[in-house]
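*Asks:* dropping a prediction and its sequence here:
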Amino acid sequence: MSTSAFSHLMRSVPAAPKIELRSFDGVARSESRATDPTLTCQARNAVAANDAFSFWKLAEEWQPALNEIILESARIAEHYLFENYLAACRRRPPSGLDTYYLVKNLIPDKIRFSINSLAIRVRRRQTFPNWPCEGTLLRLWRQWLQRALRQVGATDGWHIGFWPRGFRSCIVITHDVESSLGLDAMNAVADLEERYGFRSAWNLPLQQYAIDWKQVDNLRERGFEFGAHGLRHDGKLFRSAADFAALKPKLEKLAREHGLHGFRAPSTLRRAEWIASMTFDFDSSFADTDPWEPQPGGTCSIFPFFLSSQMVELPYTLPQDHTLIHLLHRDPLQVWMLKADWIASVGGLILTLTHPDYSGSGRYLQKYEDLLKHLAAIEGAWRALPSEVARWWRNRAALTLRVGDSGIRIEGAQAGEAVAVALSKEPLAN
């Protein structure tokens, strides 16, 4: 990546409208004026595992001296991870989508894409989070760590590495299969991924079109994974409490019947507290930053986090192919590679979201192959399935790091997978 290209990509982040509250070490914190109490309750059940001490997994001996700033970091994490920088009305699907979904299937794809492209170009774009790279939360984690080191009187220390077995970053390949056309393209895309040493996860809407479950089983035998992409792309799941109460049991029942443990909301429409109430092991409905979706926003995180006490959120961190191709009319490969390199440089999670419906053939399949080739060349990256990353993040949260006269040890049921890393050697810490 050239220096000029990287500098352009990482242009300065405009400040979001905020109410200033107390901060740690000069880092401003803020809250939305309109806070959804249900979301806050759910988030506060989760933030014990999302605070800065839990994120870094520092030596347990340091915790008593850091309790005050640990609590403050949990509130800051909630503010970004749960999109509390947005007004409550913007943390749910826009009401205008009801009309769109009534006529969506009557409009030919090309015309619909053109209308959507025009709509996002005239829509007032939010100034925060920045796109395609948002670094605010990363800076907060780093500044908190610097404050913690000063507070315990240390210039260096140890933490449990973000990824197992000494991997320096993580790559997860996912797809949403929007139609039977995408289903037909799955095998060809899977063959391509195997050629570059990847296995991917495919998210299926369970009542939108006929699914060939024999094809699904064949891909599972090859090491691929499947998740639930809601029931239909009709905007109903998160439209109202009554709709959610009616559709949730149907969705969970079908997911259990087909062994689907992960979820991604159709069109990434979402309500964090409702997703957290479902029985899935992990979710991937949030972006780190995505101003172009029908429900814009983002968690500002390129690492997993906890959506509830047990549900792990795996934010998608590379822009969607549909967004780049049909809405912005940009070459997807350039943006994909620039952002993947940035995420790898700080040891984060590179999680793709593409659609075989759009990228499963022709020149865009070639672009996708070029992306796979680029990702395969990233050194020290853990190539994992979503279920593996969720399991690891849950296991890591349960581990304890001990540093003392007897040496450095990691305690816990899955300690054999974990590696202690010196903070001076951790890219994100420096």
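*Replies:* That came through fine. Residues are numbered from 1 along each chain as shown.
*Asks:* and the top strand by length along the chain, what does it pack onto?
*Replies:* For the chain, the strand that runs over the most residues, judged by DSSP state E, is strand 169-176. Judged by 3 or more Cβ pairs under 8 Å, 6 or more residues apart in numbering; DSSP states H and E, strand 169-176 is in contact with helix 180-195, strand 201-204, strand 349-354, strand 381-383, helix 386-397. For glycine as for every other residue, the C-beta is placed from the backbone atoms N, C-alpha and C.
*Asks:* make TSV out of those and add mean neighbour count, distance to residue 93 and mean pLDDT.
*Replies:* Output for these, formatted as TSV (neighbours: other Cβ atoms under 10 Å; distance: least, Cβ to Cβ, whole Å; pLDDT from 0 to 100):
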stretch	mean neighbour count	distance to residue 93	mean pLDDT
helix 180-195	17	23	97
strand 201-204	25	18	98
strand 349-354	25	18	98
strand 381-383	20	33	98
helix 386-397	21	23	97
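*Asks:* could the ones you listed be laid out in JSON lines, adding distance to residue 430?
*Replies:* Below are the helices and strands packed on strand 169-176 laid out as JSON lines (distance: least, Cβ to Cβ, whole Å):
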{"stretch": "helix 180-195", "distance to residue 430": "33"}
{"stretch": "strand 201-204", "distance to residue 430": "32"}
{"stretch": "strand 349-354", "distance to residue 430": "19"}
{"stretch": "strand 381-383", "distance to residue 430": "19"}
{"stretch": "helix 386-397", "distance to residue 430": "21"}
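*Asks:* who wins for proximity to residue 373 among these?
*Replies:* Between residue 373 and the helices and strands packed on strand 169-176, the shortest gap by Cβ to Cβ is with helix 180-195, which sits at 9.4 Å.
*Asks:* elements contacting the closest one?
*Replies:* For helix 180-195, the packing partners by 3+ Cβ pairs under 8 Å, 6+ apart are strand 169-176, helix 213-221, helix 356-359, helix 362-376.
*Asks:* hey, which helix is longest across this structure?
*Replies:* helix 63-81 (DSSP state H).
*Asks:* what's the most buried one of the helices and strands packed on helix 180-195?
*Replies:* Sort the helices and strands packed on helix 180-195 by mean neighbour count, taking mean count of other Cβ atoms under 10 Å, and strand 169-176 sits at the top with a mean of 26.
*Asks:* each with direction, which strands does that one pair with?
*Replies:* strand 201-204 (parallel), strand 349-354 (parallel), strand 381-383 (parallel) (DSSP bridges).
*Asks:* list the contacts of the spatially most central residue of the chain.
*Replies:* Nearest residue to the geometric centre of the chain (Cα atoms, centre = their mean): residue 315, 0.5 Å. Applying Cβ atoms under 8 Å, 6 or more residues apart in numbering to residue 315 gives the contacts 284, 286, 287, 288, 298, 299, 301, 302, 304, 349, 351.
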